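[1] Dropping a prediction and its sequence here:
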Amino acid sequence: MNLSPMPLAVFVVDAAGKLSSWNKACEKLAGYSVADINGGTLDSIIEFDDPPGPAPTIAQRADIETEGILKCADGRRLAVRVLVAEQSFDPDQPGTFSVIVIPRPGQAQPRYALIQDLPVAEFIDALPCVFYVIDQSGHLLLWNHQLEDALEMSSEEMPTSDVQFFFDEVDRPAILAKILSAFEDGGSSHEAELVGKNGKRTTFLFHCARTSLGSLAAVVGTGLDITARKHAEHGLRVRERAIYSSINAIVITHCEEGEHRIEYVNPAFEQLTGYELAEIKGRDPRFMRVENCDTHEHQRISAALKRKESVRSVLRNRRKNGEIFWNDLRIDPVANVDGEVTHFVGVINDITEARHYERRLHHMAHHDPLTGLANRTLLHERLKTAVDFAVKNKTLGALAFLDLDNFKHINDNFGHDAGDLVLREVAGRLRENMRDDDTVARVGGDEFVLVICNQPSHDRIADLVERARRSVNAPITWDGHEIRPGASIGVSVFPDDGDSAEKVMRAADAAMYHAKTLGKNNFQFYSARLNQIVHEHLMLEANLGRAIREHELVLGYQPKVDLKTGKVVGAEALVRWKHPVEGTILPDRFIPVAEETGLIVPMGEWVIDEACGALKALRALGAEDFIISVNLSARQLRQRDFAERLAHTLERHGVEPRSLELEVTESQLMDQPNDAMEALAQLKALGVRLSIDDFGTGYSSLSYLQKFPVDFIKIDRSFLGDVVHDGHAVITRAIIALGHNLKMRVIAEGVETREQLAFLRDHDCDQMQGFYFSPALSQETLQEMVCSGARLQD
Ligand SMILES: Nc1nc2c(ncn2[C@@H]2O[C@@H]3COP(=O)(O)O[C@H]4[C@@H](O)[C@H](n5cnc6c(=O)[nH]c(N)nc65)O[C@@H]4COP(=O)(O)O[C@H]3[C@H]2O)c(=O)[nH]1
């Protein structure tokens, strides 16, 4: 064992106390040479302050600090502390003991008295740093190999170089100043980068101190390689800067015993929340929470923090100014080197804008832009919820479909702005009449829907719907005009009329259909009978197309008689449906379905084609002037190429246009009078005859009537009634006079009695048709009648 670097005096003795080795410090302290001590015992050198009695063995002294006197070679008696320790870690010397001798206070030698015993050169080279001694000329007197490595220089090159050249030119003045300061003030320290001969750069933390070598003033110093630390510091600074400059608000909290205290917030946080670090440092970040809001999210966060786990949450927080913002928050734990979580980093994203945008999108996806009411999508959701609720809780609810009766008329006459105003006004009125829990939706141009929840009775529902209907009825002023919207409403009650949204909607639809067929501005509840009607309607709708294709339709011809001559001058073609199962179906049942479905157009074409065929046949029989009239739907009239197609049909059958008469009802003409006028003008130009059907029921404006290029007006059947006695006679007379004044001829339909006939004759009516003379006949029977020259008897 080599004891020489040890500065304390140490003897090695065996169990009997015989000295076997000692160190230089020991020689120094006691003044013995090797020869003096060799073979001696511990007792010959140290006098222990033992209590009276037998002296303890060496082993007994182990690990006990005792005091004694070191008997020095020069006769001095030095008071010492003695520590005996068994050299158990040295397997080569079993049973040997170290005896460490420490001079007692006041007895010690100067601190570094033993230094010359140390192998300084080895120490210097073993230092974990560079070592140097510089003289006043700035040249190295002493250095270790670490310095050579850093400078990439050999030992030979070192003394010849001025130390300032070990540094970058820009750093040199500062380096010189530091060395100078060490010479003048006794010491200095600084960080600087040593530049190796081949460019290697190493950052050192230098400490130097003034010293003297004999009479030579010098500076001795060390330099600790801090390159790695510098890199780390730089990295940290970059990261710190990144956090500082991040556009995301960042908060760092310190956590201890479940408490979270804000330690740092970046400027983005300050900007976002309005709080500055100084005023919130040390507070729990939850102070920003909105009370009683997002409680579930807060619980989730607390639980994650307790488990020291990351968590993400979207919740509302309050800014300093009280404003609430949506926070997309992410919190991550930060552990120290021992893996213990000491901090949490929270990244806050203000997503208020995005949330609002999302909400706006959601609102747009679920609401009608014009009125702000729920749209079809939202209606379906709400209805489903309401029906499910009613089924589960055994309460009553209602679904009301509401159609504005005259919306098209409003749009056509007052323009789309007026139409929009009416829709918005109606929407507002419906909303006002419903509770917040109810739903008011707009699902089409003029179609509104109400979902009414939680009602005590059918009566109460009826009251509510009636109130809504009346509110819609109130007049709206537009550009000085008073518009009075009307509404047809169909109502189904759930769960009575259906336990699912689909069934309830079907029922309300049926009720609505019924309400419309009953006339305008009323409301109807769904009923089983109603269902039957609607079912029938659907059946007709499904079969009518086939009926047209499969030739199940036939025409009946009701003769028209000239009232002056009694001669049969024409006939009205009336369509019938010979249904293979149901038998003959009259047009009043299926024409409205054909109108609704658009099948009226192909059906109308067939009728004209058939009527032309009949005209051709009659002509062949010699009835040259015979006229057949057909009923025309407004839908046919609106077809752009109707006149053209009609001309083709007439040509194909070789029928003169003047033999065909087209009857259009007064109400259909007045629906869009300007368009109708244009269409009628085209037909007139073609040469066909025109007549206004059901005259007296359609509120004709006289100015229009004058302009329609029609040949006949047909007094509506309803005015004939008891024409001889009641007020209808006045109207009938007026219509006949009006027609004649407008240079039109007048025909009366539905004539059933001799009295009616007499009345018509007395008032100069031109023609008649009706059961009194004949119902509609088959083509063959009509031909027979015409050929036989049958006449109306006086
Ligand atoms: N009470 C009574 N009724 C009488 C009398 N004389 C005739 N009628 C009935 O009155 C209706 C006259 O036809 P409309 O007013 O044009 O009314 C027609 C017409 O608007 C429509 N229609 C019939 N055929 C066609 C067609 O081919 N095309 C179109 N678009 N509509 C048609 O169906 C309606 C009903 O037709 P129909 O059921 O055939 O009923 C016919 C006819 O049978 C009478 O003395 N007393």
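    Looks like it came in fine.
[2] Now do whatever helix or strand residue 535 lives in: which elements does it pack against?
    Following DSSP states H and E, one finds residue 535 within helix 528-549. Helix 528-549 sits against helix 501-517, strand 568-579, helix 587-597, helix 600-620, with contacts defined as 3 or more Cβ pairs under 8 Å, 6 or more residues apart in numbering; DSSP states H and E. The C-beta positions use only the backbone N, C-alpha and C, and glycine is treated the same way.
[3] go again using 10 Å as the cut-off
    strand 487-494, helix 501-517, strand 568-579, strand 583-585, helix 587-597, helix 600-620 (3 or more Cβ pairs under 10 Å, 6 or more residues apart in numbering; DSSP states H and E).
[4] would JSON lines of those with mean pLDDT, mean neighbour count and distance to the ligand be doable?
    JSON lines is the format used below for the helices and strands packed on helix 528-549 (pLDDT from 0 to 100; neighbours: other Cβ atoms under 10 Å; distance: least, Cβ to the nearest ligand atom, whole Å):
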{"stretch": "strand 487-494", "mean pLDDT": "94", "mean neighbour count": "26", "distance to the ligand": "21"}
{"stretch": "helix 501-517", "mean pLDDT": "89", "mean neighbour count": "21", "distance to the ligand": "15"}
{"stretch": "strand 568-579", "mean pLDDT": "96", "mean neighbour count": "21", "distance to the ligand": "4"}
{"stretch": "strand 583-585", "mean pLDDT": "92", "mean neighbour count": "12", "distance to the ligand": "10"}
{"stretch": "helix 587-597", "mean pLDDT": "86", "mean neighbour count": "17", "distance to the ligand": "4"}
{"stretch": "helix 600-620", "mean pLDDT": "95", "mean neighbour count": "19", "distance to the ligand": "4"}
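[5] I'd like those as TSV, with distance to residue 446 appended.
    Putting the helices and strands packed on helix 528-549 into TSV (distance: least, Cβ to Cβ, whole Å) gives the following:
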stretch	distance to residue 446
strand 487-494	9
helix 501-517	12
strand 568-579	31
strand 583-585	31
helix 587-597	16
helix 600-620	22
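[6] Can the helix or strand hosting residue 758 be said to contact the ligand?
    For residue 758, the element it lies in under DSSP H and E is helix 754-762. No. Residues of helix 754-762 contacting the ligand under Cβ under 6 Å from any ligand atom: none, with a closest distance of 9.0 Å.
[7] repeat for stretch 628-645
    Yes. Against the ligand, stretch 628-645 shows contacts by Cβ under 6 Å from any ligand atom at 630, 631, 633.
[8] Go ahead and confirm the last one touches residue 601.
    Yes. Here residue 633 lies in contact with residue 601, judged by Cβ atoms under 10 Å, at a distance of 7.7 Å.
[9] Between these two, which contacts overlap?
    With contacts taken as Cβ atoms under 10 Å, 6 or more residues apart in numbering, residue 633 and residue 601 have 594, 595, 639 as neighbours in common.
[10] who touches the second one in this structure?
    Listed by Cβ under 10 Å, 6+ apart, the contact partners of residue 595 are 601, 603, 633, 634, 635, 668.
[11] need the contact list for the last one.
    What that stands for is residue 668. Here residue 668 is in contact with 595, 632, 633, 634, 635, 637, 638, 676, 692, 693, 694, 698 (criterion: Cβ under 10 Å, 6+ apart).
[12] residues in contact with the second one?
    Each residue near residue 632 by Cβ under 10 Å, 6+ apart is listed here: 600, 604, 607-608, 642, 646, 661-665, 668, 679, 683, 690-691, 693.
[13] let's see 8 Å
    Contact partners of residue 632, counting by Cβ atoms under 8 Å, 6 or more residues apart in numbering, are 604, 662, 663, 664.
[14] which residues sit in contact with the nearest residue to residue 488 once chain neighbours are set aside?
    Closest residue to residue 488 apart from its sequence neighbours, by Cβ to Cβ, 6 or more residues apart in numbering: residue 515 at 4.3 Å. Neighbour list for residue 515: 488, 489, 490, 522, 523, 524 [criterion: Cβ under 8 Å, 6+ apart].
[15] Format those as JSON lines; extra columns: distance to residue 62.
    Below are those laid out as JSON lines (distance: Cβ to Cβ, whole Å):
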{"residue": "488", "distance to residue 62": "116"}
{"residue": "489", "distance to residue 62": "111"}
{"residue": "490", "distance to residue 62": "111"}
{"residue": "522", "distance to residue 62": "119"}
{"residue": "523", "distance to residue 62": "113"}
{"residue": "524", "distance to residue 62": "115"}
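[16] Distance check, residue 422 against residue 402.
    13 Å (Cβ to Cβ, to the nearest Å).
[17] Check whether the closest residue to residue 22 other than its chain neighbours sits in a helix, strand or coil.
    If the residues on either side of it in the chain are set aside, residue 22 comes closest to residue 11, at 4.7 Å by Cβ to Cβ, 6+ apart. Put simply, residue 11 is strand when judged by DSSP: H, G, I helix; E, B strand; the rest coil.
[18] Check what pLDDT residue 11 gets.
    Residue 11 is assigned a pLDDT of 81 by the prediction.
[19] hmm, back to that, which one of the helices and strands packed on helix 528-549 lies nearest to residue 744?
    Nearest to residue 744, of all the helices and strands packed on helix 528-549, is strand 568-579, at 15.6 Å by Cβ to Cβ.
[20] Are there helices or strands packed against the closest one, and which ones?
    Partner elements for strand 568-579 (3+ Cβ pairs under 8 Å, 6+ apart): helix 528-549, strand 553-562, strand 583-585, helix 587-597, helix 600-620, strand 627-631, helix 779-788.
[21] TSV for those, including distance to residue 288?
    Listed next are the helices and strands packed on strand 568-579 as TSV, based on distance: least, Cβ to Cβ, whole Å:
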stretch	distance to residue 288
helix 528-549	59
strand 553-562	77
strand 583-585	75
helix 587-597	61
helix 600-620	68
strand 627-631	76
helix 779-788	90
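[22] nearest to residue 447, of these?
    Nearest to residue 447, of the helices and strands packed on strand 568-579 and by Cβ to Cβ, is helix 587-597 at 14.8 Å.
[23] CA atoms only for the closest one, dumped as CSV, please.
    Extracted C-alpha coordinates of helix 587-597, given in CSV (Å, rounded to 0.1, in the frame of the first residue of the first chain):
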residue,chain,number,x,y,z
PRO,A,587,-113.0,13.2,-62.5
ASP,A,588,-113.7,15.1,-59.3
ARG,A,589,-111.8,12.3,-57.5
PHE,A,590,-108.8,12.0,-59.7
ILE,A,591,-108.3,15.3,-61.5
PRO,A,592,-107.0,17.0,-58.3
VAL,A,593,-104.5,14.1,-57.9
ALA,A,594,-103.5,14.5,-61.6
GLU,A,595,-103.0,18.2,-61.0
GLU,A,596,-100.8,17.6,-58.0
THR,A,597,-98.7,15.0,-59.6
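[24] from the contacts of residue 632, which ones fall inside strands?
    662, 663, 664 (DSSP state E).
[25] Turn the buried ones among those residues into a named PyMOL selection, would you?
    Here is the PyMOL command that selects the buried residues among those (16 or more other Cβ atoms under 10 Å):
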select buried, resi 662+663+664
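[26] Relative to residue 772, which of the ones in strands among the contacts of residue 632 is nearest.
    Among these, and counting by Cβ to Cβ, the member closest to residue 772 is residue 663, at 19.9 Å.
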